[in-house]
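J.: Structure for this input, please:
(2 chains)
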Amino acid sequence: GENVEQHPSTLSVQEGDSAVIKCTYSDSASNYFPWYKQELGKRPQLIIDIRSNVGEKKDQRIAVTLNKTAKHFSLHITETQPEDSAVYFCAASRSYGGSQGNLIFGKGTKLSVKP
Amino acid sequence: GAVVSQHPSWVICKSGTSVKIECRSLDFQATTMFWYRQFPKQSLMLMATSNEGSKATYEQGVEKDKFLINHASLTLSTLTVTSAHPEDSSFYICSAARLAGGAPYEQYFGPGTRLTVT
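T.: Residues are numbered from 1 along each chain as shown, chains lettered A, B, ... in the order given. Okay, here's the model as predicted:
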């Protein structure tokens, strides 16, 4: 089955710097890669996702890149702000046709943005 | 759009009792809902996949007789923790899958239920 590895487990940056979180997956058939942000005691929030037919996607300060050949995808946050501090989870799933694939999550990255 | 509610937000129960948790998609129909368990400072662990009108699919190691799942409608799934024990104390989160212009499906999470078994 699918296995998702996420690095680093913790990341501390200064406000205004960029943060990069990387994930690798094992199932070459996976075709959907969402990123979730979870603040303490709250629900995971979908912040950006990418599908396997796209190599890069950007939404304001957040971008995700996908390398299907190497089976890895990354989250990039630019101009970080203290409110970006949270735990970020990557996930992968294999969804096609009428099937609704299960999300397999990475272990999470705790991002701390210091003012 | 894509709002998922969960009730209750927290519950304390005595060992041996059963607890029911509801998950609702408020503004869209979800043919599939997922139930996760999350321990402190850990990732989300998928427990089961719930499809409307059919039996849930449980992940390996999850006892289906202990964690009863019912998906009676396109907007409601319930998880019942039967004969709860202290080791069942955890944060339980549901998600509802929404078709996004074709496969693959996006998942939106409920706010979670903090279960404490004494």
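
J.: show me where pLDDT drops low in chain B?
T.: B:1, B:99-104 (pLDDT under 70).

J.: strand partners of the worst-scoring helix or strand of chain A on mean pLDDT, parallel vs antiparallel please.
T.: Comparing every helix and strand of chain A by mean pLDDT, DSSP states H and E singles out strand A:104-105 as the least confident one, with a mean of 90. Using DSSP bridges, strand A:104-105 pairs in its sheet with strand A:86-92 (antiparallel).

J.: Give me the distance from the partner strand to the chain's centre.
T.: Offset of strand A:86-92 from its chain centre (Cα atoms, centre = their mean, to the nearest Å): 5 Å.

J.: Put the alpha carbons of that strand into PDB.
T.: The C-alpha trace of strand A:86-92 is given here as PDB (Å, rounded to 0.1, in the frame of the first residue of the first chain):
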ATOM      1  CA  ALA A  86       0.900  25.200  12.800                       C
ATOM      2  CA  VAL A  87       1.300  21.500  12.000                       C
ATOM      3  CA  TYR A  88       1.300  20.800   8.300                       C
ATOM      4  CA  PHE A  89       0.400  17.400   6.900                       C
ATOM      5  CA  CYS A  90       0.900  16.200   3.400                       C
ATOM      6  CA  ALA A  91      -1.200  13.300   2.000                       C
ATOM      7  CA  ALA A  92      -1.500  11.200  -1.100                       C
END
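
J.: what about the helices in chain A?
T.: With DSSP state H applied, chain A shows no helices anywhere along its length.

J.: and what of chain B?
T.: With DSSP H as the criterion, chain B has no helices.

J.: what does it put close to chain A?
T.: Residues of chain B lying close to chain A (Cβ under 8 Å from any Cβ of the partner chain) are B:4, B:31-32, B:34, B:42-44, B:46, B:49, B:93, B:95, B:97, B:103-112. Yep, even glycine has a C-beta here, placed from its N, CA and C like the rest.

J.: Just the buried ones among those residues, please.
T.: When the residues of chain B next to chain A are checked for burial by 16 or more other Cβ atoms under 10 Å in any protein chain shown, the buried set is B:4, B:31-32, B:34, B:43-44, B:46, B:49, B:93, B:95, B:97, B:103-110, B:112.

J.: Number of residues surrounding residue A:13?
T.: Neighbours of residue A:13 under the rule other Cβ atoms under 10 Å in any protein chain shown: 17.

J.: Which strand residues bridge it?
T.: Bridge pairing for residue A:13 - DSSP bridges - gives residue A:113.

J.: re earlier: now, which of the residues of chain B next to chain A lie within strands?
T.: Secondary structure of the residues of chain B next to chain A is defined by DSSP state E; positions in strands are B:4, B:32, B:34, B:44, B:46, B:49, B:93, B:95, B:97, B:105-109.
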